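Peer 1: Quick one, fold the following:
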Amino acid sequence: MQPGQNHRVVLANQVGGTVVADAIKLTAAGSSTPRTATWSLPVTTTGTYNVYVRWTADATNATNATYTVHYAGGTTVVPMNQTTNGGQWNLLGTFTLNPALNPLVELSDQANGRVVADAVMVVPSGVSTDHVTYTPTLTTSGTVDIYAKWTESATRAQAVTYTVQHAGGSTDILVNQQQPSAGWFRLGAFSMAPGQNHHVEVSGALEGVTVADAVRFVSAGVSAPGITYVHTDHLGSPQKMTDATKAIVWDAVYTPFGQVHSITGTATNNQRFPGQYADQETGYNYNYFRDYDPTTGRYVQSDPIGLWGGLNSYGYVLQNPFKWIDPFGLAIGDYPPPPPGYNPGTWQTGQWDDGNWVLTDPAGNSWTIHPEDAGHWRHWDKQDPNGKKEGREPSNSKKRKPNQKKKTQKDQCETDPSEDAPPWEPSMGFQEFRFNIPPLSPAPGGIPGLAGFPPIRVPWPIFIP
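Peer 2: Residues are numbered from 1 along each chain as shown. Sure thing, here's the model as predicted:
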């Protein structure tokens with residue numbers, strides 16, 4: 001046959017019975033031997049090994065690529081589907097390999113599609129392709145309680161192996177990381193000694209995502225880790241921590257702007273003002289978009305919107321840390337519940353030139369945050385697309401006057417509607433934060449801040465340690 005000559009095979013059905021047109025295979029004349037790729041397996045000692053292969057997946061690849069493993073017990077043929085599971089190590093099986101018998105893997109091109117010969121890997125049996133080892137620092141021999149911690153998820157592996165090497169040998173513990181660890185999950189108590197390479201190894205499971213968050217070693221006789229309870233002030237800043245027996249295990253005293261005066265106790269808590277995490281290396285508090293210096297009560301970096309955020313671009317919460325919080329280092333945050341129908345996926349988020357948040361619903365109405373003042377509890381002021389006032393939410397947000405015995409207006413709130421309610425931040429969640437830089441003059445319709453310069457878009461993966 002010659003290329004470009006439209007050579008073909010025609011199967012006719014002009015016979016009695018059923019004709020099946022299944023497949024056609026072409027083999028060059030005089031070349032009946034299939035082509036193969038061969039890997040010698042580099043083992044130095046006889047033992048049991050896991051053999052893995054890797055390929056680049058493609059829809060044109062073979063679904064029956066044939067791997068032949070030559071090992072101490074003979075040969076085993078393993079077909080693999082190379083249209084899926086590309087870019088990862090795929091297990092062919094577990095085999096006894098003897099270096100004197102020249103163990104190897106062969107891949108044939110006799111398949112129903114393209115065959116990819118990328119790579120082969122050999123790992124001693126019992127050792128995962130992905131693993132993390134935790135080794136305790138021991139000074140004396142004795143019994144050690146071992147605990148593990150992980151963050152659960154529906155995508156996690158259901159059979160994660162924790163292998164404990166101890167004085168009595170090796171013990172495997174299987175855990176389901178789709179279930180919460182409930183603080184610290186106890187793996188068991190084991191005899192360990194210094195200088196004996198005793199450790200815990202977390203191996204990646206073949207199905208699902210394995211998380212190796214933390215392992216903790218506790219000497220027998222020492223109280224096991226448990227749940228501690230954080231007690232905060234009215235802003236949400238941690239003040240004390242207690243254990244299950246109600247004993248105080250952490251006690252902090254701060255100056256008004258958050259500088260630590262003293263911390264006592266055996267527990268650790270690096271949270272400070274809401275949204276802030278104390279960085280021991282720098283001495284600052286990490287506040288997501290900026291760093292806060294509690295010794296001066298000022299931010300280290302200037303406000304991202306410059307003077308639009310106020311004349312002091314380094315100031316913290318309008319110099320009133322008893323009343324306001326700033327969870328992300330951008331603007332004061334003491335928020336009412338969201339407006340009716342709020343959806344972070346369809347509503348836009350921005351700021352006016354005074355730093356207050358504004359939400360824009362799909363109909364074009366703007367909802368501007370109104371902080372608590374002498375006459376109102378915190379609420380949202382609503383304006384239609386033309387700037388006309390449309391009321392507020394909650395609608396009954398007016399305060400009573402001093403010594404007032406009963407309501408005088410229908411929109412007056414009998415008590416603080418936000419009492420015992422946590423602060424609410426309109427941009428919380430994994431979404432895009434729209435940071436509108438206001439123009440120098442009001443926008444059409446009398447609404448400042450929504451025209452002029454284009455918005456700066458900042459990725460917004462919220463994480464508060």
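
Peer 1: residue ranges of the strands in the stretch 51-200 of the chain, please?
Peer 2: Applying DSSP state E, counting those that start in this stretch to the stretch 51-200 of the chain gives strands spanning 65-71, 74-80, 90-97, 104-108, 119-124, 131-134, 142-149, 160-166, 169-175, 185-192, 199-203.

Peer 1: for the second one, packing partners?
Peer 2: When contacts are defined as 3 or more CB pairs under 8 Å, 6 or more residues apart in numbering; DSSP states H and E, strand 74-80 sits against strand 65-71, strand 90-97. (Each C-beta comes from the backbone N, C-alpha and C, glycine too.)

Peer 1: before we move on, back to that, figure out which of the strands of the stretch 51-200 of the chain is closest to residue 331.
Peer 2: Minimum separation from residue 331 across the strands of the stretch 51-200 of the chain (CB to CB) falls at strand 142-149, 34.6 Å.

Peer 1: what's next to that closest one, contact-wise?
Peer 2: 136, 138, 162, 164, 175, 181, 183-192, 200, 202, 213-220, 224-225 (CB atoms under 8 Å, 6 or more residues apart in numbering).

Peer 1: before we move on, back to that, looking at the strands of the stretch 51-200 of the chain, spot the one closest to residue 367.
Peer 2: That would be strand 142-149 among the strands of the stretch 51-200 of the chain, by CB to CB, at 40.6 Å.

Peer 1: Could you pull out the buried residues of the closest one?
Peer 2: 144, 145, 146, 147, 148, 149 (16 or more other CB atoms under 10 Å).

Peer 1: Who is the fourth one paired with across the strands?
Peer 2: In this structure, residue 147 has beta-bridge partners residue 186, residue 216, where bridges are defined by DSSP bridges.

Peer 1: if I look at it, how far off is residue 217?
Peer 2: In this structure, residue 147 and residue 217 are 8 Å apart, going by CB to CB, to the nearest Å.

Peer 1: ok, now the third one?
Peer 2: The span separating residue 146 from residue 217 equals 6 Å under the rule CB to CB.

Peer 1: Could you do the last one as well?
Peer 2: The spacing between residue 149 and residue 217, counted by CB to CB, is 13 Å.

Peer 1: Name the nearest residue to residue 272, sequence neighbours excluded.
Peer 2: residue 285 (5.0 Å; CB to CB, 6 or more residues apart in numbering).

Peer 1: beta partners for that neighbour?
Peer 2: Under the criterion used here (DSSP bridges), residue 285 is bridged to residue 278, residue 292.

Peer 1: burial of it, as a residue count?
Peer 2: 24 (other CB atoms under 10 Å).

Peer 1: Just the local confidence number for it, please.
Peer 2: The model reports residue 285 with a pLDDT of 95.

Peer 1: check contacts around it.
Peer 2: Counted by CB under 8 Å, 6+ apart, residue 285 has contacts 258, 272, 273, 276, 277, 278, 279, 291, 292, 293, 294.

Peer 1: Phi and psi next, for the second one.
Peer 2: Summarising the backbone geometry of residue 272 under the convention degrees, to the nearest 10, its torsions are phi -130, psi -130.

Peer 1: That one and residue 236 touch, don't they?
Peer 2: No - between residue 272 and residue 236 there is no contact under CB atoms under 8 Å: 10.4 Å.

Peer 1: Looking only at neighbour counts, state which of those two leads.
Peer 2: More crowded of residue 272 and residue 236, by other CB under 10 Å: residue 272, with 21 against 15.

Peer 1: how close does the more buried one get to residue 152?
Peer 2: 28 Å.

Peer 1: try residue 176
Peer 2: Taking CB to CB, one finds residue 176 at 9 Å from residue 152.

Peer 1: Check residue 189 too.
Peer 2: Applying CB to CB to residue 189 and residue 152 gives a distance of 24 Å.

Peer 1: Contacts made by stretch 245-264 with the rest, please.
Peer 2: 228, 237-243, 265-269, 272-273, 276, 278, 285, 292, 294-297, 316, 321-322.

Peer 1: List the buried residues in stretch 384-394.
Peer 2: So for stretch 384-394, counting by 16+ other CB under 10 Å, buried means 392, 393, 394.

Peer 1: Straight-line length of that stretch, end to end?
Peer 2: End-to-end distance of stretch 384-394: 17 Å, with CA to CA, to the nearest Å as the criterion.

Peer 1: Then stretch 63-74?
Peer 2: 25 Å.

Peer 1: Same question for stretch 146-165.
Peer 2: Using CA to CA, the two ends of stretch 146-165 sit 12 Å apart.

Peer 1: wait, isn't residue 109 in contact with residue 115?
Peer 2: Yes - between residue 109 and residue 115 there is a contact under CB under 8 Å: 4.9 Å.

Peer 1: per the record, what domains does this protein have?
Peer 2: 36-124, 131-219, 229-319, 348-413 (the TED database).

Peer 1: show me where the stretch 201-350 of the chain has strands.
Peer 2: So, for the stretch 201-350 of the chain - with DSSP E, counting those that start in this stretch - the strands run 214-219, 229-232, 238-242, 248-254, 260-265, 277-278, 285-287, 290-293, 298-299, 348-351.

Peer 1: CA atoms of the last one as PDB?
Peer 2: Put plainly, it is strand 348-351. Coordinates of each C-alpha in strand 348-351 appear next as PDB, following Å, rounded to 0.1, in the frame of the first residue of the first chain:
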ATOM      1  CA  GLN A 348     -21.700  43.600  43.700                       C
ATOM      2  CA  THR A 349     -19.600  44.800  46.600                       C
ATOM      3  CA  GLY A 350     -17.900  48.200  46.900                       C
ATOM      4  CA  GLN A 351     -17.100  51.100  49.100                       C
END
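
Peer 1: so how far is it from its chain's centroid?
Peer 2: 25 Å (CA atoms, centre = their mean, to the nearest Å).

Peer 1: Now do the following helix or strand past it: which elements does it pack against?
Peer 2: Under the assignment DSSP states H and E, the closest C-terminal helix or strand after strand 348-351 is strand 357-360. For strand 357-360, the packing partners by 3+ CB pairs under 8 Å, 6+ apart come out as strand 348-351, strand 366-370.
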